[in-house]
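Asks: just coords:
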């Protein structure tokens, strides 16, 4: 279970992200994600397992992008991961925010299993585009956010049961669940089967690379199956990378 410490300034839904020193009022309120569940206002934690989509959804709900996720290379614990985020690219989805109350900021955090596994630090935002093209990274990522699927709440928990583990099954799922609207352009890139019962698909929606994780198990209904690939993997858009299938956290049913 990813521990989420409820202390002043800490955002439990982006593990370890805190309001920067001096951030107060609206700046602090809107620069870190909330503890509320997305629809009913109840407070929640991310006990159990979750996909990379959880991190993407929380970052994007507050005008940000997940830059990267990887194993924490400087740590011996194989369960520790490092993620970097850029927040403040667009006003957060929750309400109207003055432009000067939402500056672009970047954070690096690690998260793992058990108590006190979360660590956060501010970082200098990278400036070079991830695709090697000339121009600024903030402009590239702002354009990426503008081309996201137009279906409501595209990155949310839901089941993929009942859909064939094929490219056509994946497209049917996106349309039936209205994750991609009729005006969205969806192009499958590559797919593969993982452990015999999970189907992973890399696809582009309006040119933005996404991963779709189709899992028919009952526990998978608590996962976010669709998410925009982190910025550092957007150009490659490759489903063969092991991280595409990664589930973070512990399955409570198997924890003993």
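Replies: Right, received. Where do you want to start? The model shown is predicted, which means the values in this text are computed figures rather than measured ones.

Asks: Spell out, range by range, the helices that occur in the stretch 101-250 of the chain.
Replies: In the stretch 101-250 of the chain, the helices defined using DSSP state H, counting those that start in this stretch lie at 137-146, 167-176.

Asks: Which one of those helices lies nearest to residue 237?
Replies: Residue 237 lies closest to helix 137-146 among the helices of the stretch 101-250 of the chain, at 12.5 Å (C-beta to C-beta). (C-beta placed from N, C-alpha, C; glycine too.)

Asks: quick one: buried residues of that closest one?
Replies: Buried positions in helix 137-146, judged by neighbour count with 16 or more other C-beta atoms under 10 Å: 137-138, 140-141, 144.

Asks: which residues are contacting that helix?
Replies: If you take C-beta atoms under 8 Å, 6 or more residues apart in numbering as the criterion, helix 137-146 is touched by 60, 63, 65, 86, 89-90, 104, 125-131, 133, 208, 228, 231, 234.

Asks: Residue 249: how many residues sit nearby?
Replies: Residues near residue 249, counting by other C-beta atoms under 10 Å, number 19.

Asks: That one touches residue 52, doesn't it?
Replies: No. With contact defined as C-beta atoms under 8 Å, residue 249 does not reach residue 52; the gap is 11.8 Å.

Asks: tell me which element the spatially closest residue to residue 69 that is not a sequence neighbour is part of?
Replies: Of all residues not flanking residue 69 in the chain, residue 83 sits nearest, at 4.6 Å (C-beta to C-beta, 6 or more residues apart in numbering). Assessed by DSSP states H and E, residue 83 sits inside strand 81-87.

Asks: what separates that strand from the chain centre, distance-wise?
Replies: 10 Å (C-alpha atoms, centre = their mean, to the nearest Å).

Asks: For stretch 173-182, buried residues please.
Replies: By neighbour count with 16+ other C-beta under 10 Å, stretch 173-182 contains the buried residues 173-174, 177, 179-180.

Asks: Using JSON lines, please lay out those residues together with distance to residue 212.
Replies: Formatted as JSON lines, the buried residues of stretch 173-182 follow (distance: C-beta to C-beta, whole Å):
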{"residue": "173", "distance to residue 212": "8"}
{"residue": "174", "distance to residue 212": "8"}
{"residue": "177", "distance to residue 212": "11"}
{"residue": "179", "distance to residue 212": "9"}
{"residue": "180", "distance to residue 212": "10"}
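
Asks: Lowest-confidence entry in those?
Replies: Looking at the buried residues of stretch 173-182 by pLDDT, the weakest one is residue 180, with 88.
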